[in-house]
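> let me see the structure of the following:
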Amino acid sequence: MPLLEKAYAKLNQNYDRVVGGWGKEGLRSLTGMPTMNFWNSQYEPEYLIPIYKHFAAKNYPMTAGCCTSGSIYGLVSGHAYTFLDIQELKDANGAVKHTIAKLRNPWASEMYKGPWRDDDPNWTEEWKKQVQLNEENDGVFWMPFEVFMTKYYNLAVSIYQPYKYQVKQLYASERQYRFEVNNPVDQHLYITAETYSYRHYPRGKCNPNNNVVLYFKDGHNNAVDQQQYEWVSHEGFGTMGRWAQELPKGIYTFTVVNQGFQTKAADLSLNFYATK
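Predicted coordinates for the structure are as follows:
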């Protein structure tokens, strides 16, 4: 790990420029895969549960940032946790009684003291079997999904799978660029627009003004998913695509809007990822 950290600092010029940040940056840097970020406060739990379960079933790398209102239940504020799974605890009749989230503290110490901690008396032997509960202090713990939704800012996920890959370079000096995307079959298809991030700029001047917005729409001018648009912000990249489903066969439009075009052109790399 120290060697990897040193290499990452070298890539970004020095250690000072790799302090802090969001999990999505690390996932993108380590995997090179299309990486998305979900702000928990923007969606209803019923909408996110099947999406997060899909990601967990695929074993995609995921991180979650804590905490929205200061530390609680032993959670560490300003700290990133690994998001591992969602499970539904069911009674003898198969009715769902609780929905819980599984996380890991990368410090390998659980520290969590809230509901559904390992020694919570609410655990029954049957529910322990349902989630294969490990009661050792291994850094892994369960919590109510509603607590996760309210106490963690976000979930970042790297859509890690084999792709056919293409790249297109764009020097965005105009206001808008529109591309036709012909998706020949139903498949997972993602587009990541990438440019310089704030880590490539001196400390104290860490806003490269990446004022670029992305839109990905079908033939009826509807967004391909609930995500209506994506900013290419100071992290230097943004990804568009259908989150947990294949993109149906058809003709789509991908639009790049450079809102800073009057004062600044943007060097963009458009990365196309398709599974078929």
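> got the buried residues for the helix or strand containing residue 55?
Assessed by DSSP states H and E, residue 55 sits inside helix 45-57. By neighbour count on 16 or more other C-beta atoms under 10 Å, the buried set for helix 45-57 is 48-49, 51-53, 55-56. C-beta here means a position set from N, CA and C on the backbone, and glycine is covered the same way.
> helices or strands up against the helix or strand that that helix is followed by?
Remark: after helix 45-57, the chain's next helix or strand is strand 62-66, criterion DSSP H and E. Here strand 62-66 touches helix 23-31, strand 79-90, strand 152-158, going by 3 or more C-beta pairs under 8 Å, 6 or more residues apart in numbering; DSSP states H and E.
> model confidence over the very next helix or strand once past the longest one, on average?
Going back to what we said before, that points to strand 79-90. Following strand 79-90 in sequence order, the next helix or strand is strand 96-104 (DSSP H and E). In this model, strand 96-104 has a mean pLDDT of 97.
> who does strand 96-104 pair with, and is each partner parallel or antiparallel?
Strand pairing for strand 96-104, using DSSP bridges, gives strand 79-90 (antiparallel), strand 140-144 (antiparallel).
> buried residues, that strand. List them.
Quick answer for strand 96-104 (16+ other C-beta under 10 Å): 98-104.
> quick one: which of those is nearest residue 124?
When these are ranked by distance to residue 124 (C-beta to C-beta), residue 98 comes first, at 10.9 Å.
> quick one on the thing from earlier: and the helix holding residue 55, how far out from the chain middle?
Here helix 45-57 is found 12 Å from its chain centre; the criterion is C-alpha atoms, centre = their mean, to the nearest Å.
> can you list contacts of it?
38, 40, 62, 83-86, 99, 101, 145-146, 149, 155, 157, 226, 243-244 (C-beta atoms under 8 Å, 6 or more residues apart in numbering).
> at 10 Å instead, please
36, 38, 40, 42-43, 60-62, 64, 83-88, 99, 101-102, 145-146, 148-150, 155, 157-160, 225-226, 243-245 (C-beta atoms under 10 Å, 6 or more residues apart in numbering).
> what about stretch 88-96, distance to the chain center?
30 Å.
> between the helices and strands packed on strand 62-66, which one is nearest to residue 68?
strand 152-158 (5.8 Å).
> just checking: what are the partner strands of the closest one?
strand 35-39 (antiparallel), strand 62-66 (antiparallel).
> separation between residue 143 and residue 193?
35 Å (C-beta to C-beta, to the nearest Å).
> which one of these two is surrounded by more residues?
Taking other C-beta atoms under 10 Å, residue 143 and residue 193 do not tie; residue 193 has more neighbours (26 against 21).
> can you pull the contacts of the spatially closest residue to residue 159 that is not a sequence neighbour?
Leaving aside its chain neighbours, residue 159 sits nearest to residue 34 (4.8 Å; criterion: C-beta to C-beta, 6 or more residues apart in numbering). Contact partners of residue 34, counting by C-beta under 10 Å, 6+ apart, are 27-28, 157-161, 163, 188-192, 237, 239-241, 271-273.
> so which of these are in helices?
27-28 (DSSP state H).
> now, of the contacts of residue 34, which are buried?
For the contacts of residue 34, buried by 16+ other C-beta under 10 Å: 27-28, 157-160, 163, 188-192, 237, 239-241, 271-273.
> could you list the low-pLDDT ranges of the stretch 151-276 of the chain?
202-208 (pLDDT under 70).
> again, 80 this time
199-209, 261-265 (pLDDT under 80).
> show me where this protein has its strands.
35-39, 62-66, 79-90, 96-104, 140-144, 152-158, 164-172, 176-183, 189-194, 212-217, 230-232, 237-241, 250-258, 266-274 (DSSP state E).
> residue 73 is nearest to which of these?
Between those, strand 140-144 lies closest to residue 73; by C-beta to C-beta that is 7.6 Å.
> what pLDDT, on average, does the closest one get?
97.
> any idea how far residue 59 is from residue 201?
35 Å.
> higher neighbour count, the two?
Counted by other C-beta under 10 Å, residue 59 and residue 201 do not tie: residue 201 has more neighbours, with 16 against 11.
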